[in-house]
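Student: pasted the sequence and its predicted model underneath.
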Amino acid sequence: MPRGRFISLEGGEGVGKSTQARRLAAALGERGIRTVLTREPGGSEGAEAIRGLLLSGAADRWTIRAEALLFAAARADHVARTILPAVEAGKWVICDRFLDSSRAYQGVGDELSDTDILALHGIGSDGLLPDRTLLLHLPLDESSERAGARDGGAADRIGGRDAEFHCAVAAAFERFADAEPARFRRIDARGSIDEVSARLLASLADWLP
Ligand SMILES: Nc1ncnc2c1ncn2[C@@H]1O[C@H](COP(=O)(O)OP(=O)(O)OP(=O)(O)O)[C@@H](O)[C@H]1O
Ligand SMILES: Cc1cn([C@H]2C[C@H](O)[C@@H](COP(=O)(O)O)O2)c(=O)[nH]c1=O
């Protein structure tokens, strides 16, 4: 059985990742590709339970270090129980956020370096990287407007952090894409849902049957 593919979608809050992950999985399915649509934090029973711990409660519920460890633990379970079995069975895994979100979000500030976060990922998930990462880019004012309209002012524990935090997250994603051009594809997330979906499919054209 040929190995499948592992594709992650990344970017800040409200850029359209979940919308596009669903549409991409459907479009690939229409081409006869067996897909698994999953997300982080979550994607396995244990990781979904950890998601609840991470995204609810008081802003200071976890220290940055505890938060990073919880994301890495959730990811370890998700990789072992959902992602690797699917890829080994020849399926294409479409994952709404993955490691780069930990590098971008838990890497804000001086508490943890990128090397620290990669070390946790080495222990938890043997350093597994996506075959391709689609980074959706939208100006911060547009993405906050979309997320605000969706959440009605009730963002989750991490999404509710201030604009300075989300600006640092967006800048980190751009640095990662600059550093790894072979893995990342930048996707312009402006325009209609259909227009953005077409850009995602075009970014996978070299793999499509
Ligand atoms: N191209 C688009 N134009 C207008 N609205 C959009 C577009 N794409 C998505 N939306 C809407 O914007 C909101 C945010 O989209 P979505 O939940 O897919 O973003 P996300 O990147 O997964 O966000 P988060 O990381 O905060 O969960 C949703 O209400 C969605 O319906
Ligand atoms: C995987 C991952 C996620 N986060 C943050 C990013 C968002 O604020 C939430 C997830 O919410 P979504 O609506 O499902 O996008 O969690 C993070 O800080 N670190 C991570 O590794």
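Tutor: Okay, I see it. Ligands and ions are numbered 1, 2, ... in the order given.

Student: so who does residue 96 touch?
Tutor: Residue 96 makes contact with 8-9, 17-18, 21, 37-40 under the criterion Cβ atoms under 8 Å, 6 or more residues apart in numbering. No exception for glycine: its C-beta is placed from N, CA and C like everyone else's.

Student: the spatially closest residue to it that is not a sequence neighbour: what's it in contact with?
Tutor: Of all residues beyond its chain neighbours, the one nearest residue 96 is residue 39 (3.9 Å), with distances taken as Cβ to Cβ, 6 or more residues apart in numbering. Listed by Cβ under 8 Å, 6+ apart, the contact partners of residue 39 are 18, 21, 95-97.

Student: near ligand 2, from those?
Tutor: Cross-checking the contacts of residue 39 against ligand 2 (Cβ under 6 Å from any ligand atom) gives residue 97 as the overlapping residues.

Student: ok, of the contacts of residue 39, which one's closest to residue 55?
Tutor: Checking these against residue 55 with Cβ to Cβ, the nearest one is residue 97 at 11.9 Å.

Student: how far off centre is the top helix by length along the chain?
Tutor: The helix that spans the most residues within the chain, counting by DSSP state H, is helix 163-179. The offset between the C-alpha centroid of helix 163-179 and the centroid of the whole chain comes to 13 Å, using Cα atoms, centre = their mean, to the nearest Å.

Student: how about stretch 23-37?
Tutor: Between the mean C-alpha location of stretch 23-37 and the chain-wide mean there is a distance of 18 Å, by Cα atoms, centre = their mean.

Student: done for today, thanks.
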